[in-house]
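K.L.:
show me the folded form of this:
(chains A, B, C and D)
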There are 2 protein chains.
Amino acid sequence: MTVALVPPSADLVEAEDRDSASCGAPAPTLPPNGPQSLPIAEAAERTGVTAHTLRYYERIGLLDVPRDHAGRRWYTETELARVVFITRLRLTAMPIRNVQAYFRLVDAGPGNEAERLALLERHRSEVKDRLIELQAALDVIDFKIATYGGMCDP
Amino acid sequence: MTVALVPPSADLVEAEDRDSASCGAPAPTLPPNGPQSLPIAEAAERTGVTAHTLRYYERIGLLDVPRDHAGRRWYTETELARVVFITRLRLTAMPIRNVQAYFRLVDAGPGNEAERLALLERHRSEVKDRLIELQAALDVIDFKIATYGGMCDP
DNA sequence: CCTTGACTTCGAGCGCACTCGAAGCCCTAC
DNA sequence: GTAGGGCTTCGAGTGCGCTCGAAGTCAAGG
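P.N.:
Model prediction:
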């Protein structure tokens, strides 16, 4: 239950706000198929998310992936980082709806940080509640396991 | 992450193995509508599970609820305790399949405690892994929240 | 030129765990 | 006797989050 404020995997967390030029230098309007961009298959491999799911995420508005002239997707660090952050949120069972809401805010540009914060904090508190419930349920299971040693007299 | 061996809500945990006469006195073949048995609506209220879901659980073999002469279900402490334990397992996201497997073992009577134990222990270890992942994801979110204070220099 | 293969879109399908609704039965109260 | 309410079964529907397959496009290699 410790709350680490050390960047858990810093490069991925930092990158997520770089798009929509939230602050600092504007995004460089990368040339499709630019420096380190990856085609969908490699993006899938790198993020551990299937290509199908990457397209699905884009369909539902979680991503906006640049294309080359032939319409093929090229994932830059920006998109890859976002995908990773999405998987983190999903891992905590944040409903897709809320993930959508969050990235709608991000994509709306700067000025709504308070809202993003509120959304994340609400979610964090839900996750913490679930952690506690989960731990309690685990305790029940542990108790059950323990009693299988000395059955019939729990 | 502490493992409590104090019965988390003892009455409910203890009761779950009493059926199928796993040890000690055989189940007393209670008269339908016996001492403290409840009709489905009250069982639902007591366990926090809808009547629909209680019937569903029975349909898929998780429960075997005694009936009165008119075919109505009467939930005794045995069934109520089992329902509660099911909800604990479900709370930890144990797939219904595995819950079914577990109670098949329980219903098969004594002699397979090692298998039950193995099933629970496997699940426990999965849950613990998930707890760790969940905590890590929460740390990412916490980090994100923290950086919303001093945007642009995480 | 033709094949190969990775990509594209679109819509449909799937697995899970419920959740609901229709039609009917049974008991009690009036 | 009859109205009401709570129960029964059964099968179908729902919501979520993917997951898949068909059919087509495009670029590179032989």
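K.L.:
got the buried residues for stretch A:84-95?
P.N.:
A:V84, A:F85, A:I86, A:T87, A:R88, A:L89, A:L91, A:T92, A:M94 (16 or more other Cβ atoms under 10 Å in any protein chain shown). To be clear about C-beta, it is placed using only N, CA and C from the backbone, and glycine gets the same treatment.
K.L.:
one more: stretch A:99-110?
P.N.:
A:V99, A:Y102, A:F103, A:L105, A:V106.
K.L.:
so for the helix or strand hosting the first one, what's the average pLDDT?
P.N.:
Read it as A:V99. In the assignment (DSSP states H and E), A:V99 maps to helix A:96-107. Averaging pLDDT along helix A:96-107 yields 97.
K.L.:
that helix near DNA strand D anywhere?
P.N.:
Yes - counting by Cβ under 7 Å from any atom of the strand, contacts between helix A:96-107 and DNA strand D involve A:I96, A:R97.
K.L.:
quick check: angle from the next helix or strand along the chain from that helix to helix B:96-107?
P.N.:
Using DSSP H and E, the helix or strand that follows helix A:96-107 in sequence is helix A:113-147. Relative orientation of helix A:113-147 and helix B:96-107, computed by axes from the mean of the first three to the mean of the last three Cα atoms, to 10 degrees: 20 degrees.
K.L.:
quick one, what contacts the closest residue to DNA strand D within chain A?
P.N.:
As assessed by Cβ to the nearest atom of the strand, DNA strand D sits closest to A:I96 within chain A, at 3.2 Å. Counting by Cβ atoms under 8 Å, 6 or more residues apart in numbering or on different chains, A:I96 touches A:I60, A:R90.
K.L.:
how close does it sit to chain B?
P.N.:
Distance, A:I96 to chain B, using Cβ to the nearest Cβ, to the nearest Å: 16 Å.
K.L.:
about what we covered before: could you pick out which of the buried residues of stretch A:84-95 are near chain B?
P.N.:
Filtering the buried residues of stretch A:84-95 for neighbours of chain B using Cβ under 8 Å from any Cβ of the partner chain leaves A:F85, A:R88, A:L89, A:L91, A:T92.
K.L.:
I figured the fourth one hits B:E133, correct?
P.N.:
When you say that, I think you mean A:L91. Yes - taking contacts as Cβ atoms under 8 Å, A:L91 lies within contact range of B:E133: 6.0 Å.
K.L.:
at the contact with DNA strand D, which residues of chain A appear?
P.N.:
So chain A meets DNA strand D at A:T50, A:H52, A:T53, A:Y56, A:H69, A:A70, A:G71, A:R90, A:P95, A:I96, A:R97 (Cβ under 7 Å from any atom of the strand).
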